[in-house]
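[1] Turn this into a model:
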Amino acid sequence: MASSKKSPAMGASRALQQPTPRRARSGGSDTEQVRSARPKLMLRNATPQDIPGIHALTSKVYAGHSSDGAYTVAQLRGHQHHFPQGQFVAIFEDTIVGYCATFRIAEKLALKPHDWEGITGRGYAARHDSQGDWLYGMEVCVDPDYRGLRLGQRLYNARKQLCERLHLKGIVFGGRMPGLSRRWSQLRSAEKYLERVRTGSLRDQVINFQLRNAFEPIGVLRGYLDTDHESRGHATHMVWRNPAYGVDGGLEVSAPLPRARTARVAAVQYQQRAVHSFEEFARQVEYFVDVVADYKADFALFPELFTLQLLSIENRNAPAAEAVAALTRYTDRIKTLLSELAVSYNINIIGGSHPTRDPNDGHVYNICYVCLRNGAVHEQRKIHPTPNERYWWNITGGNSSNVIETDFGPIGIMICYDAEFPELARHLVDQGAQILFVPFCTDERQSYQRVRFCAQARAVENQCYVVMAGNVGNLPSVENMDIQYAQSCVLTPCDFAFARDGIAADTTPNVEMVAIADVQLDSLAAARQHGTVQNLKDRRFDLYNVTWKDAPPHSHGHAHTQARETQLRDAAD
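    Residues are numbered from 1 along each chain as shown. Prediction:
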């Protein structure tokens, strides 16, 4: 049976062999499905209950290779029994669509020549060594119907996280070289083929994918898997060296996937320009998601009310109330767009904000939709509408502010004017938020500086990161979106562990661009406990605290109903 098995990274290579749609469609556009916060895509450790689903997946993936190409139930039980922490599944809407199997092994075995059957114990992971200092990747497979979700990349990342948490030297495996058979008559050597790919003279979808993931070839494994005819039975001997090895002592791994401690955040300084259709707007949004995903960002923040651009489709002036009503009709399409992009590009999207009419009370709220890369969609209503928002737009303030759980821990959302209220940020940080996202929309420098200075204060007093993103440009044909002023940025506490001026990254004012920064979450914990000042630790709970009141279910602030023909945003924060 095992002799028919494909080699490690099989699933990732198959995913790369056919064109992948830029935006994977998950099915219908049912509003309730998009609104649900239940994850559509989840990556976690495999359990014994997953064995039937994994067996079905491998049967499907290897159906065209041989009658016994799938892992048997007994082999899958072996994976679970030998090393449960090293087995991962990707689940999309209750279906297992990806599987990754690993085990630990000693360096003297991992780095010398070997074949697949011998190193894996005939596919049972029986060579697992609980004291092994390397992680061996024996399998990655992905359902061919879900190639648009970057599952191979996610599973590779899970392996790296596990390796780091176990404090191992690195990851090693034998990888396929599927283009070798086509070039054999020309090169007559697997080593020459590998060198040509490594130097860029040739392309091999599998090897190039692994090189992009920081794996390095240390040689060719001859006779690794005789049934892999495309690779002529050979494999690349690939290693990834753990950059954190030797820094700390070993760490214990719990059942859930460990959280990474460095998050890459991107603030999109978005230029307003006329569009002629929703599809044109969607292409512009997808462009920025694509760009920041290429930089491997974990979060992408868009500005407050960036969807006002959609008013340019009709190319006519409209009273404020009518314009807002027109925008609310796009709500479902906005949520669907952002959710699909988040899943397809494997990035968490903080969707600025968008005017939305609540079907229960009829009020319009300024809502930020947070679309996570696992498919979950959350929302945060702006708590404090500005005086102009209340008067001209009839915007109603929300009544709750809760953290949103992400793969980097809880985050908080403060929409523009909300950042000017310190008790709101403190409420979010008390819930565990380490990163606060502030989408904003300001028309001139004074309005911007109010938000900027307050956001910097929130970063200092709460010892957290604050990310800001705003609009630039103008829409001459849309009277309701006349001028913009923004300088987007990533703000930090002011202490030795952080940027000198408390600014990790910023943009040129009023120019369409992106600010990207890595934020170290461990630095926050250290600063809170041992920093030059320790704002959170030194609070006088004996004198004061912040108490959040639970509002009645349908309690809303007063909203004016008078409609007047004026600017949609007049010096709004």
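[2] quick one: the most centrally placed residue in the chain and Ile207, what's the gap?
    Within the chain, one residue has its C-alpha closest to the average C-alpha position: by Cα atoms, centre = their mean, that is Ile347, at 2.7 Å. Plainly put, Ile347 is 25 Å away from Ile207 if you go by Cβ to Cβ, to the nearest Å. For the C-beta atoms, the positions are set from N, CA and C on the backbone; glycine is no exception.
[3] Check Gln153 too.
    The span separating Gln153 from Ile207 equals 15 Å under the rule Cβ to Cβ.
[4] Apart from its neighbours in sequence, what residue is nearest the residue nearest to the centre of the chain?
    The spatially closest residue to Ile347, leaving aside those adjacent along the chain, is Ala293, at 5.1 Å (Cβ to Cβ, 6 or more residues apart in numbering).
[5] Verify the assumption that the one you found is located in a helix.
    Yes - assessed by DSSP: H, G, I helix; E, B strand; the rest coil, Ala293 belongs to a helix.
[6] and it, how many neighbours does it have?
    Other residues lying near Ala293 total 21 when counted by other Cβ atoms under 10 Å.
[7] Verify the stated contact: it with Asn346.
    Yes - because the distance of 6.8 Å satisfies Cβ atoms under 8 Å, Ala293 is recorded as touching Asn346.
[8] any low-confidence regions in the stretch 451-573 of the chain?
    By pLDDT under 70, the low-scoring segments of the stretch 451-573 of the chain are 477-481, 550-573.
[9] on that earlier part again, who's more crowded, Gln153 and Ile207?
    Using other Cβ under 10 Å as the criterion, Gln153 and Ile207 rank with Ile207 on top: 26 against 16.
[10] on contacts alone, who are the packing partners of the helix or strand encompassing the more buried one?
    Secondary structure here is read from DSSP states H and E; on that basis Ile207 sits in helix 205-212. For helix 205-212, the contact count by 3 or more Cβ pairs under 8 Å, 6 or more residues apart in numbering; DSSP states H and E identifies helix 10-17, strand 170-175, helix 190-199, strand 235-241 as packing neighbours.
[11] among the ones you listed, which is nearest Leu475?
    helix 10-17 (40.4 Å; Cβ to Cβ).
[12] List phi and psi for the residue nearest to Met414 when sequence neighbours are not counted.
    Distance criterion Cβ to Cβ, 6+ apart; nearest residue to Met414, sequence neighbours excluded, is Val438 at 5.2 Å. The main-chain torsion angles of Val438 are listed as degrees, to the nearest 10 and equal phi -120, psi 90.
[13] Ok, the one 5 residues further on next?
    Reported as degrees, to the nearest 10, the phi and psi values for Asp443 are phi -100, psi -30.
[14] So what's the residue count around it?
    In terms of burial, Asp443 registers 21 neighbours under the definition other Cβ under 10 Å.
[15] Please shift the residue numbers so they start at 22 in all later answers.
    Got it, the first residue is 22 from now on, which makes the last one we talked about Asp464.
[16] Please verify my assumption that it contacts Tyr506.
    Yes - Asp464 lies in contact with Tyr506 (Cβ under 8 Å); the separation is 6.1 Å.
[17] Now do the shared contacts for the two.
    With contacts defined as Cβ atoms under 8 Å, 6 or more residues apart in numbering, no residue is shared by Asp464 and Tyr506.
[18] Which of the helices or strands spans Gly153?
    Mapping Gly153 onto the secondary structure by DSSP H and E places it in no helix or strand at all.
[19] how much space between it and Gly139?
    Separation of Gly153 from Gly139 (Cβ to Cβ) stands at 15 Å.
[20] quick one: which of these two has more around it?
    More neighbours surround Gly153 than the other of Gly153 and Gly139, with 20 against 12 (other Cβ under 10 Å).
[21] hang on, the earlier thing: got a list of what the residue nearest to the centre of the chain touches?
    Applying Cβ under 8 Å, 6+ apart, one finds that Ile368 lies in contact with Val310, Val313, Ala314, Ala318, Asp319, Phe320, Ala321, Leu362, Arg394.
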